[in-house]
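Trainee: sharing a sequence plus its predicted fold:
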Amino acid sequence: MGANTMTAQERQQQAYQEQLRQIQLQREQKMREKMQQLKAEYLAAYSLPLNYPAKVTSITDDDGGSSNKSNDSIRTSSDFINARLLEAGLPMGGGQSPSKLTLGDHSVAVQRFINDLEGTGCYDSVQVHIGNDQDTRINNDDDVSPEQQQSAYEMFDVTVRLKEKRWYKIYIGGGVNSEDLSSLGTSGGMSSGNEFGGGAGIALGALPKLQFESSISASNLSGFADISTALYSVDQTGASSFKFTHDRPLCSWLPKHSSLYDWLMPQDPRLVGDESIEKEKTSDGIDEMQVFMNDDAQYALGGGSHISLGVHALCLEQDFEATRSSKEFTRSIGVRLANHCRGASRGPGIGGGNKPSTSPPETMAGPYFFLDWNACLRDTLPRRHSEFPFALDCSSEVAIQAGTAFKHSLTGGMYLNGSLTDDRYDPTMGYDAHLVGEVAGPPGDSGFWKLQGGGAFHFPLELLRMMTMGIESNNDTEEETSESTVGMTLHSSVNFGIARSLTFNGLCSNVGGMPLSDRFYSGGPGQLRGFLPAGIGPRATNGGSSTPGGDSLGGDMFYTSTLAASIPFPSYFTTLRQNGGRLFGFANAGTCVTVDPSVGFGSLSACSRIMNSSRVAIGGGVSMGTPMGRFELTYAVPMRYGPKDARKNVQMGFGFSFG
């Protein structure tokens, strides 16, 4: 009995000791976690003074990229790399006072720099090493003073290791016409007036045309992440095109240490705060209002080394027989000033690892700002009659514009391209916008000005519920919320365009009015659902055999607007839900008209005509963001339409924005 009592006491004692050990382990675990947290906070708040300039080396494949060669073995300019480091916000050079940026800030800046450099498409790998390797250099230098040794030990070196891609790339394969994609989703009525800036042409069907492509590109020949691309393609209708682009940072075109070069490139941080140098520069005639940034100043990403100056050339054949009984052959050259190179594959689905990009601005990574000068020759070829080859099978409005015309224009604009949304191709929160202006004039045959813009806003209902009910109450009622309302988002968008012909005191003939290719067209998936591309708007009284309702003549004013609500796919459809598929319902309205030049766009008669001619459609569909763009399948019912409108209930399309 005593033995049993002792055994119970021992068990109780053992349980008590075990409980004490568990408590002790928990305390030790909490202590370790607290120490780790304090250590992380200390390291994140620790400031590292960095040497300038950074060293640039190359990564070899022999030992997995751990070794590096000398700077002479790589094409990339060290000035270019140091400029990108400073513009990414990495403080280097020391200055008169230690940097206030912490190690955590350094990590963010380094990651920003790596993403930016890899996004140029010129590098397979980018590594940044921050460490103190002054020991060997100081120990081998007998002339170094103790003060210099102490300063050297307190400074840390920055080493950038690059694995450059081959300088050339050859691509042979297939794809889809990116101009068709842009017209389906974002062009908002623009036509083929400017193939490298603004809308690139109306789509001839609900789906973009497949095409055979072959291209050759060269990268980083100047050492500033430049891109050159020559691309030839033939689509399924037999239409061919050739495009050439060469983009490089503006600073790489300039002589080193020229005034513009020094203004574009970040200031050498080692000169900051040196009064003698400032006085010397002032005495030499340099602007006295120049701002010398402190060593801890954040250089804006997208600074001077990002600004690009490129040239482009184009030979393009486009088939518009399905909408206005004609074809068009364009040859153009131009120059573009932009905030980054257009050939860079700077986002998922943009360009790609093997395929270079020569696409319009709405396909670039946003935000994208550009200014284009273009000169082009356009041959308008009306459709020939199938039985009488000397007769035309088109309307008189198309026939009068037959022949060769020269166009000379300036185009500028901006595209946010989904940079302020949570998902570029299938957004549920944020907003997007674009604005493009174009002026054409002498020595061209046609003169006009044109302005097009638009925006979209996406607002999740979950955010509204959190704002009105509070986060805590929202968590309490989350289980009571129906599955259909979780993840619901409201969407709205509007696009518009206005244009006017200009004669420049008779210097521009404008035969037949504003060129058909520079007018606005409206309709199609992603823009005005329920109607075919160029399905609404002014039409000729007759047309070719391919356009029995009359040739589409376009307008000088258009608008489209959409209100929609979307929800994720039900949990039953696991694959679609996990890949971001959404169900949405919508109502869209829009019109495309010609306004009498004698009255303004804001006049009462113009507004009355716009409202009376507006088309309306409602419907629903499914959408999904893919690596190549936004895909949607919709069913729409036109509620208000004209007698000659080209309508279509079921539509499928790709685009680059919500529309």
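Mentor: Perfect, I can see it now. Numbers count the residues shown, from 1 in each chain.
Trainee: what stretches of this protein score poorly on pLDDT?
Mentor: 1-6, 43-46, 61-72, 94-101, 133-154, 176-208, 272-302, 343-359, 469-486, 659 (pLDDT under 70).
Trainee: helices of that one, start to end?
Mentor: Applying DSSP state H to the chain gives helices spanning 2-45, 78-87, 103-118, 134-139, 146-154, 178-185, 259-264, 275-283, 321-324, 396-399, 461-469, 471-476, 574-578, 604-612.
Trainee: quick one: residues in contact with the second one.
Mentor: The contact list for helix 78-87, computed with C-beta atoms under 8 Å, 6 or more residues apart in numbering, reads 52-56, 71, 92, 109, 113, 116-117, 158, 160, 162, 223-225, 249, 251-252, 256, 265-266, 269, 299-306. All C-beta atoms are positioned from the backbone trio N, CA, C, and that covers glycine.
Trainee: repeat that for the last one.
Mentor: The set of residues that contact helix 604-612 without belonging to it, under C-beta under 8 Å, 6+ apart, is 557, 559, 591, 593, 595-596, 599-600.
Trainee: of the residues you listed, which is the nearest to residue 166?
Mentor: residue 559 (47.8 Å; C-beta to C-beta).
Trainee: on that earlier part again, now the buried members of the contacts of helix 604-612.
Mentor: 557, 559, 591, 593, 595 (16 or more other C-beta atoms under 10 Å).
Trainee: out of those, what pair is the most spread apart?
Mentor: 559 and 595 (12.1 Å).
Trainee: in the protein, which strand is the longest?
Mentor: When every strand of the chain is counted residue by residue (DSSP state E), the longest turns out to be strand 368-382.
Trainee: for the closest residue to residue 225 other than its chain neighbours, give me phi and psi.
Mentor: Distances taken as C-beta to C-beta, 6 or more residues apart in numbering put residue 120 closest to residue 225, at 4.0 Å, once the chain neighbours are dropped. Residue 120 adopts backbone torsions of phi -70, psi -20, taken as degrees, to the nearest 10.
Trainee: can you check residue 537 too?
Mentor: phi 110, psi -180.
Trainee: what sits against it?
Mentor: Here residue 537 is in contact with 520-523, 552-555, 558, 591-593 (criterion: C-beta under 8 Å, 6+ apart).
Trainee: please repeat the previous calculation with a cut-off of 7 Å.
Mentor: 521-522, 552, 554-555, 592-593 (C-beta atoms under 7 Å, 6 or more residues apart in numbering).
Trainee: skip the chain neighbours and tell me the closest residue to it.
Mentor: Leaving out its chain neighbours, residue 537 is closest to residue 592 (C-beta to C-beta, 6+ apart), at 3.3 Å.
Trainee: counting neighbours, what do you get for that neighbour?
Mentor: 29 (other C-beta atoms under 10 Å).
Trainee: give the contact list for it.
Mentor: 189, 520-522, 536-537, 555, 558.
Trainee: between those residues, identify the one with the most neighbours.
Mentor: Neighbour max across these (other C-beta under 10 Å) = residue 521, 34 neighbours.
Trainee: how far away is that one from residue 322?
Mentor: 12 Å (C-beta to C-beta, to the nearest Å).
Trainee: quick revisit: so which of the contacts of helix 604-612 comes closest to residue 420?
Mentor: Nearest to residue 420 among the contacts of helix 604-612, with distances taken as C-beta to C-beta, is residue 559, at 22.5 Å.
Trainee: wait, which of the contacts of residue 537 is closest to residue 35?
Mentor: After measuring these against residue 35 - C-beta to C-beta - the closest member comes out as residue 522, at 64.5 Å.
Trainee: right, and residue 314 touches residue 332 too?
Mentor: Yes. When contacts are counted by C-beta atoms under 7 Å, residue 314 is listed as touching residue 332 (4.7 Å).
Trainee: quick revisit: and which of the contacts of residue 537 is nearest residue 544?
Mentor: Using C-beta to C-beta, the contacts of residue 537 come closest to residue 544 at residue 552, 11.3 Å.
Trainee: quick one on the thing from earlier: so what secondary structure elements neighbour the longest strand of the chain?
Mentor: Under the contact criterion of 3 or more C-beta pairs under 7 Å, 6 or more residues apart in numbering; DSSP states H and E, strand 368-382 touches strand 326-338, strand 403-415.
Trainee: partner strands of the first one, parallel or antiparallel?
Mentor: In this case it means strand 326-338. Sheet partners assigned to strand 326-338 using DSSP bridges are listed as strand 308-319 (antiparallel), strand 368-382 (antiparallel).
Trainee: so what sits opposite the residue nearest to residue 537 in the bridge?
Mentor: Applying DSSP bridges, one finds that residue 592 bridges with residue 558.
Trainee: number the chain from 59, please
Mentor: Got it, the first residue is 59 from now on, which makes the last one we talked about residue 650.
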